[in-house]
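Engineer: return atomic coordinates for the entry below.
(chains A and B)
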Protein chains: 2
Amino acid sequence: MAGAAVILLSGGLDSATTLAVARAEGFECYALSFDYGQRHAREIESARRVAAALGTKEHLVLKLDLRAIGGSALTADIAVPKGRSGEAMATGIPVTYVPARNTIFLSHALAWAEVLGAQDIFIGVNVLDASGYPDCRAEYIEAFEHMANLATKAGVEAKSRFKVHTPLIKLAKAEIIRLGAGLGVDFALTWSCYEPQPDGRPCGLCDSCLLRKKGFAEAGMADPAATGR
Amino acid sequence: MAGAAVILLSGGLDSATTLAVARAEGFECYALSFDYGQRHAREIESARRVAAALGTKEHLVLKLDLRAIGGSALTADIAVPKGRSGEAMATGIPVTYVPARNTIFLSHALAWAEVLGAQDIFIGVNVLDASGYPDCRAEYIEAFEHMANLATKAGVEAKSRFKVHTPLIKLAKAEIIRLGAGLGVDFALTWSCYEPQPDGRPCGLCDSCLLRKKGFAEAGMADPAATGR
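Structural biologist: Numbering: from 1, shown residues only, chains lettered A, B, ... in the order given. Got it, this is the predicted structure:
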């Protein structure tokens, strides 16, 4: 047994695969999700299903009011981009970037890890086939880890050294899908779309839907969750 | 005008003085407080009064559920220490430490600063006459600042470099009180006690009450807020 670990779980396929990796590595998994005012709160229900299907010791869903801060197409009245080309997606940081989101999420994961006596935190960030978010890069994660060990009682008293695991960071979306499938992730339970259609189906056109579609195509697999188009 | 700044405001005398410093330096002040499930939620009302008295452009109170995480005498059923000696207070990290609290607070301040286009964040941490919290030290603040500039769109695109100001970090409580008084802080509006008595008065015996009492005594001033004992 590798001990307890906190796993950030959004309900998307990356974090579901990350949870499966943590479990495969022998960690006792404490999944953490956020109801932060996101346009696609639908993903929280997916997180619940993924947590139940993969087996977690506990699944905590915390409420945050990032809508009061705003500044993103996911938390304010800013249009979600649709139908962007791969080149467009590879250029710059999109309006779906939520200011300091991963820092806020990881901070809560750090707090919970400290209370649990856990040293390990997992986050499913990746830089290839990702949306160009600054808080998904390795240098950011390293800086967070360094800060975390100065921020906490556990870090300062050297009872533990926090480690932020990023098992997907160098994987392309197709590789993540293959990895998750091999570890038994049921992708039918996951949710990627930023802006569901009125009937509840994924839009099929936002960056997140397009990256998912491209990933399954490149993996040579069918997406078990209908994409809506 | 030095531009906009986000000031973490708890309602205590340190953060009230910090707000007064930021205002004196010419910043347009956006005060940020948290209703995080703290035992002494009374401090939020003090934060509102302080923000109104000192003049802020906006005061945002965000709800966080740190009680769901627990692990502290301020957010769980753990007794708040009373009547500790100065030596006891100077030794180790007390049970009133809230895991990763300043990291969670600063992460939200960072998000709001980015949305506002602000580069400056103020926090009233101090190491002398403080409670031995790890997330009040200069090396922690520097690590957070470094991480913040990697975490954000504004940091990465170098449109701004976030700076975390800690104007009180090397001041003793008596010096903070004199500084605040000189800048027009009305300490009658502030709140320090971790565990108010049933009648709403400060307990006078928790670390925070004792440090406040010692600070006013050393400053040779009367505390305009009755301490209850």
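Engineer: could you find the closest non-adjacent residue to the residue located most distally from the centre of chain A?
Structural biologist: Computed with Cα atoms, centre = their mean, the residue of chain A farthest from its C-alpha average is residue A:157, at 29.9 Å. In space, residue A:157 comes closest to residue B:93 once its chain neighbours are excluded; the distance is 7.3 Å by Cβ to Cβ, 6 or more residues apart in numbering or on different chains. Quick note: C-beta positions are derived from backbone N, CA and C, even for glycine.
Engineer: so who does the one you found touch?
Structural biologist: Contacts here follow Cβ atoms under 8 Å, 6 or more residues apart in numbering or on different chains; on that basis residue B:93 touches A:153, A:156-157, B:132-134.
Engineer: same deal with residue A:133?
Structural biologist: Residue A:133 sits in contact with A:93, A:97, A:102, where contact means Cβ under 8 Å, 6+ apart.
Engineer: let's see it at 7 Å
Structural biologist: A:93, A:97 (Cβ atoms under 7 Å, 6 or more residues apart in numbering or on different chains).
Engineer: again with residue A:101
Structural biologist: Residues near residue A:101 by Cβ under 7 Å, 6+ apart: residue A:135.
Engineer: retrieve the pLDDT associated with it.
Structural biologist: Residue A:101 is assigned a pLDDT of 96 by the prediction.
Engineer: who touches the closest residue in space to residue A:41 that isn't next to it in sequence in this structure?
Structural biologist: Nearest residue to residue A:41, sequence neighbours excluded (Cβ to Cβ, 6+ apart): residue A:35, at 6.4 Å. The contact partners of residue A:35, by Cβ under 7 Å, 6+ apart, come to A:41, A:44, A:61, A:63.
Engineer: same thing but at 10 Å, please
Structural biologist: A:41, A:43-44, A:47, A:61-66 (Cβ atoms under 10 Å, 6 or more residues apart in numbering or on different chains).
Engineer: show me those residues that map onto helices.
Structural biologist: A:43-44, A:47 (DSSP state H).
Engineer: nearest to chain B, of those residues?
Structural biologist: residue A:44 (14.5 Å; Cβ to the nearest Cβ).
Engineer: pull up the distance across stretch A:112-123, start to finish.
Structural biologist: End-to-end span of stretch A:112-123 (Cα to Cα, to the nearest Å): 14 Å.
Engineer: just confirm yes or no for it near chain B.
Structural biologist: Yes. Counting by Cβ under 10 Å from any Cβ of the partner chain, chain B is contacted by stretch A:112-123 at A:112-117.
Engineer: rewinding a little: would you say the residue nearest to residue A:157 is within a strand?
Structural biologist: No. Residue B:93: not assigned to a strand; according to DSSP: H, G, I helix; E, B strand; the rest coil it is coil.
Engineer: tell me the predicted confidence for it.
Structural biologist: 88.
Engineer: list phi and psi for it.
Structural biologist: phi -100, psi 120 (degrees, to the nearest 10).
Engineer: got any ranges where chain A has weak pLDDT?
Structural biologist: A:1, A:129-131, A:159-160, A:226-229 (pLDDT under 70).
Engineer: tell me what angle the helix or strand hosting residue A:111 forms with helix B:101-116.
Structural biologist: Assigned by DSSP states H and E, residue A:111 belongs to helix A:101-116. On the basis of axes from the mean of the first three to the mean of the last three Cα atoms, to 10 degrees, helix A:101-116 is oriented at 170 degrees to helix B:101-116.
Engineer: ok, residue A:208 - how many residues close by?
Structural biologist: 23 (other Cβ atoms under 10 Å in any protein chain shown).
Engineer: how much space between it and chain B?
Structural biologist: With distances taken as Cβ to the nearest Cβ, to the nearest Å, residue A:208 is found 18 Å from chain B.
Engineer: in the longest strand along chain A, what's buried?
Structural biologist: Criterion DSSP state E: the longest strand present in chain A is strand A:27-35. For strand A:27-35, the neighbour count (16 or more other Cβ atoms under 10 Å in any protein chain shown) marks A:27-34 as buried.
Engineer: now do the strands in chain A.
Structural biologist: Going by DSSP E, chain A shows strands at A:3-8, A:27-35, A:58-63, A:120-122, A:163-165.
Engineer: so which of the ones you listed comes closest to residue B:183?
Structural biologist: Across these, residue B:183 has its closest neighbour in strand A:58-63 (36.1 Å, Cβ to Cβ).
Engineer: who does that closest one pair with, and is each partner parallel or antiparallel?
Structural biologist: As defined by DSSP bridges, the strand partners of strand A:58-63 come to strand A:27-35 (parallel).
Engineer: related to what we said a few turns ago, kindly calculate the angle that the longest strand of chain A makes with strand A:3-8.
Structural biologist: Using the same axes, to 10 degrees: strand A:27-35 against strand A:3-8 is 20 degrees.
Engineer: next up, the contacts around the residue nearest to residue A:20 when sequence neighbours are not counted.
Structural biologist: Nearest non-adjacent residue to residue A:20, counting by Cβ to Cβ, 6+ apart: residue A:183, 3.8 Å away. Contact partners of residue A:183, counting by Cβ under 10 Å, 6+ apart, are A:16-17, A:19-21, A:23-24, A:54.
Engineer: gap between residue A:183 and chain B?
Structural biologist: Between residue A:183 and chain B the computed distance is 28 Å (Cβ to the nearest Cβ).
Engineer: let me see the contact set for the residue nearest to residue A:125 when sequence neighbours are not counted.
Structural biologist: Spatially, and ignoring its direct neighbours in sequence, residue A:125 is nearest to residue A:136 (3.9 Å; Cβ to Cβ, 6+ apart). Each residue near residue A:136 by Cβ under 10 Å, 6+ apart is listed here: A:14, A:97, A:102, A:123-127, A:130, A:166, A:168-169, B:151.
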